[in-house]
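Enquirer: Structure for the following, please:
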Amino acid sequence: MATKQERYQFRKERTKRKLEAAGIKHPRLSVYRSLNYLYASVIDDLNGKVVVSATTCGKELAGKYKASGKSIEAATALGELIAKKALEKGIKEVCFDRGARVYHGRVKALAEAARKGGLKF
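Expert: Numbers count the residues shown, from 1 in each chain. Model (predicted):
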């Protein structure tokens, strides 16, 4: 049986392959979840540039939520914030890149809030 770390690596490689197989048509919404914070970036892979980024420890959301950004409420606020910033830059459609993280909890809350904010996946 594979260890937890090996399963994580398998998911990471599988996600990367699926994104590459889909082709680069839209910018991607990349989500990174650490133990304490969430980070979200809209990346244009054609030009290799970060178009928009936001985090739960950034000036917009810092200190507003209990547990310093570990909560689902903070993830929801981050999803709405990243959607608002992306729409201001003219980005309406993105590919969702959750890395090797499972689509559950804070990652799921961020994605649903970004959809509600106007982004299409």
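Enquirer: where's the nearest residue to Gly117 once chain neighbours are set aside, which helix or strand?
Expert: If you skip the residues right next to it in sequence, Gly117 has Ala83 as its closest partner in space, 2.7 Å away by Cβ to Cβ, 6 or more residues apart in numbering. Where you see a C-beta, it was placed from the backbone N, CA and C, and this is true even at glycine. Following DSSP states H and E, one finds Ala83 within helix 72-88.
Enquirer: which residues are in contact with whichever helix or strand comes after that helix?
Expert: Next helix or strand after helix 72-88 toward the C-terminus (DSSP H and E): strand 95-97. Identification of contacts with strand 95-97 by Cβ atoms under 8 Å, 6 or more residues apart in numbering yields 15, 19, 22, 25-31, 111, 121.
Enquirer: Mind listing the strands strand 95-97 pairs with, and their directions?
Expert: Using DSSP bridges, the strands paired with strand 95-97 are strand 28-33 (parallel).
Enquirer: looking at this, Lys12 is in a helix?
Expert: Yes. If the criterion is DSSP: H, G, I helix; E, B strand; the rest coil, then Lys12 is within a helix.
Enquirer: Am I right that it is in contact with Arg98?
Expert: No. Counting by Cβ atoms under 8 Å, Lys12 does not reach Arg98; the two are 10.1 Å apart.
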